[in-house]
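Chemist: just coords:
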C-alpha cells in the first residue's frame, strides 16, 4: 500500500475516533444526575427520595411480588414538608391539651335518687356526682368529665353489678362460698356481716389491692336477690357516701 493510501486511511480512522468521542461526551453531558469521578469515569447520583418514599409513595402495582413506587409530585413534597414542620410533628413544641383533666368532686349537700331502668332498684347519691349505666352494671363516681386525673384517695368509684337470685344457690351462705365469690385468704383483710334498718343483710369484705389501700366488696340481699357492690378505695374520705347509698338501696319485689 502506498504512503498516500496509508495517510488517507489514517485520516479516516482518526475522524471516526474523534466523532465517537464527541458523541460520548455529548451523551454524558446531557444525562441528569451525572458527575465525573476522580477516575474520569461517569458516576450516577441517585435522587434522595427516602422521606417521600416512606410518607407519600404508595405501591402503584406489583412486579414479581415487588411493589413499584411512583415519584411523588411537587404538591406531595410541599405537603410532606408542611407536615414535618408543623408543631404536632415537633415533640419539643407543647401542643394544647384539648380535653381538660377531670376534677374530683366532694359530695354536695343535696342528694338525688337513681332508679335502674332494667332491674328497678333505687339508691340515693350526691347530686353533683355522676352515674353511668351500660345496661348491665351501674357506676357512681365523683370525677367530672375529662381526662382521668392522677390516682387519689379522694377518687371514689362505686360499681354495682347485676343481680343474682338466691334460689339458684339455695341460701345466701352458699352464694358467698361459691368459688366465684370467694377471695384468697392472703388477700382478705376482714369480713363483717350486718343487717340494715330495712331488713336487708349485707356482707362487707375488705380486700388488699395492688393500687391504693384496698377494695371494699359488699354483698347485699333481701333474701331473694343479691347485688354485688365494689368500692375502689378503703381509705377514701367519702366512704360515708357508700354507707348512705347502701342504706337507701331498695330492691323491687
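Modeler: All right, it came through fine. Small disclaimer: the values here were computed from a predicted structure and weren't measured.
Chemist: In a strand, residue 245, correct?
Modeler: No. Going by DSSP: H, G, I helix; E, B strand; the rest coil, the assignment for residue 245 is helix, not a strand.
Chemist: ok, now which ones touch it?
Modeler: Contacts for residue 245 were tallied using CB atoms under 8 Å, 6 or more residues apart in numbering; they are 123-125, 140, 158. Yep, even glycine has a C-beta here, placed from its N, CA and C like the rest.
Chemist: Try it again at 10 Å.
Modeler: 111, 114, 123-126, 140, 158, 160, 218, 229, 231 (CB atoms under 10 Å, 6 or more residues apart in numbering).
Chemist: now residue 186
Modeler: Applying CB under 10 Å, 6+ apart, the residues near residue 186 are residue 208.
Chemist: Reduced to three states, what does the closest residue to residue 169 other than its chain neighbours come out as?
Modeler: Once flanking residues are discounted, residue 169 sits nearest to residue 175: 4.2 Å by CB to CB, 6 or more residues apart in numbering. Secondary structure state of residue 175, per three-state DSSP, is helix.
Chemist: ok, back up a step: show me which pair in the contacts of residue 245 is furthest apart.
Modeler: Within the contacts of residue 245, 111 and 218 form the most distant pair, 19.0 Å apart (CB to CB).
Chemist: Compare the two and say which one has the larger neighbour count.
Modeler: Just comparing residue 111 and residue 218: by other CB atoms under 10 Å the higher neighbour count belongs to residue 218, 20 against 17.
Chemist: Need the three-state assignment for the closest residue to that one other than its chain neighbours.
Modeler: Sequence neighbours aside, residue 229 is the residue nearest to residue 218 in space, at 4.1 Å (criterion: CB to CB, 6+ apart). Here residue 229 takes the strand state, with states given by three-state DSSP.
Chemist: which ones are touching residue 229?
Modeler: Counted by CB under 10 Å, 6+ apart, residue 229 has contacts 123, 138, 140, 158-161, 202, 204, 216-220, 242, 245-246, 249.
Chemist: Throw together a ChimeraX command that grabs the buried residues out of those.
Modeler: This is how ChimeraX selects the buried members of the contacts of residue 229, with burial counted by 16 or more other CB atoms under 10 Å:
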select :123,138,140,158,159,160,202,204,216,217,218,219,220,242,245,246,249
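Chemist: Having no further points to raise, I will conclude here.
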